[in-house]
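Colleague: Got a sequence here, can you build the structure:
(one chain, ligands or ions: 1)
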Amino acid sequence: MRYEVVLPAAGSGKRMGAGKNKLFLLLQQKPILIHTLEVFQNDDNCTGIWLAVKPEEREYIQQLLDEYGITKVKGLPNGGEERQHSVHSCIKEMEQVDIVLVHDAARPFITHEIIASLVVCAMEKGAAIAGVKAKDTMKKVRDGVIIETVDREDLWMIQTPQAFRFELLYEAEDVAEKEGFLGTDEAMLVERLGHPVHIVEASYDNIKMTTIEDLVLGEAILKKRA
Ligand code: C5P
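Modeller: Numbers count the residues shown, from 1 in each chain. Okay, here's the model as predicted:
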């Protein structure tokens, strides 16, 4: 089942504290960004990649694409102030496709199997997102004091990819933009339309490279897979 993917890559990676875009940091001598791109480059069902980039990084990213033979990129639009804006700038440039995936460029360990499950579910149901069950006891805290212990059975930690029928995500983003709503993921925008969003159980390995400790974890995941 065919799809195109939007990869927001225009963040600053402040929490990584690397002094540059964290996506350029290396895991096993290869930039994180390339690890992520290669998953989609090597997935026969992926027919196009849209990468939101910072204007000042476009030239370097283009060099990386050439160096590593990433040929599926159809556009490198400017990212925005927030991640949601970066995704939106890609969606606005895309031609209509059946299914669009949104995936953080900072999650290099996504697998073809999880992608395929998401695409199938989104084809059938409109919206499907990756997540894993919460493992720890979960509590709501305010001002340093527990106000509620939440039933863990109902709690999932949400990741990307998030897969949608194209028209559904387009409408959700359009409405959010008009209403000035800022969500933390694309599913939130679709939920606001009242459309059900389904969950596909993904993997605890599908981490987002966020802080320096994640680099150690990332190396370990790659070693485990070798
Ligand atoms: O900062 P964080 O890791 O949560 O960002 C998730 C993804 O969104 C990263 O791949 C980052 O490059 C991207 N992003 C973006 N535009 C922004 C902020 C983040 O494309 N304004």
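
Colleague: mind listing the strands in the protein by residue range?
Modeller: Using DSSP state E, the strands of the chain run over residues 3-8, 26-27, 30-31, 46-52, 73-75, 99-102, 127-133, 138-142, 145-150, 156-165, 198-201.

Colleague: The ligand: which of those is closest?
Modeller: Of all the strands of the chain, it is strand 3-8 that lies closest to the ligand, at 3.0 Å by CB to the nearest ligand atom. C-beta: built from backbone N, CA, C; applies to glycine.

Colleague: same for the closest one, what does it pack against?
Modeller: Other elements packing on strand 3-8 under the criterion 3 or more CB pairs under 8 Å, 6 or more residues apart in numbering; DSSP states H and E are helix 32-41, strand 46-52, helix 83-93, strand 99-102.

Colleague: Save the ones you listed as a markdown table, and put in distance to the ligand, mean pLDDT and mean neighbour count too.
Modeller: Compiled in a markdown table, those are given as follows (distance: least, CB to the nearest ligand atom, whole Å; pLDDT from 0 to 100; neighbours: other CB atoms under 10 Å):
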| stretch | distance to the ligand | mean pLDDT | mean neighbour count |
| --- | --- | --- | --- |
| helix 32-41 | 8 | 98 | 22 |
| strand 46-52 | 5 | 98 | 22 |
| helix 83-93 | 3 | 98 | 21 |
| strand 99-102 | 9 | 98 | 26 |
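
Colleague: could the ones you listed be laid out in CSV, adding distance to Ala130?
Modeller: Shown next, in CSV, are those (distance: least, CB to CB, whole Å):
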stretch, distance to Ala130
helix 32-41, 13
strand 46-52, 16
helix 83-93, 16
strand 99-102, 10
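
Colleague: so Asp98 makes contact with Arg165?
Modeller: Yes - between Asp98 and Arg165 there is a contact under CB atoms under 8 Å: 6.8 Å.

Colleague: okay, the two: which has more neighbours?
Modeller: Ranked by neighbour count (other CB atoms under 10 Å), Asp98 and Arg165 place Arg165 first, with 20 against 15.

Colleague: So the more buried one is in contact with Val97, correct?
Modeller: No - look at Arg165 against Val97 with CB under 8 Å: they stay out of range, at 9.4 Å.

Colleague: Sweet, I'm off.
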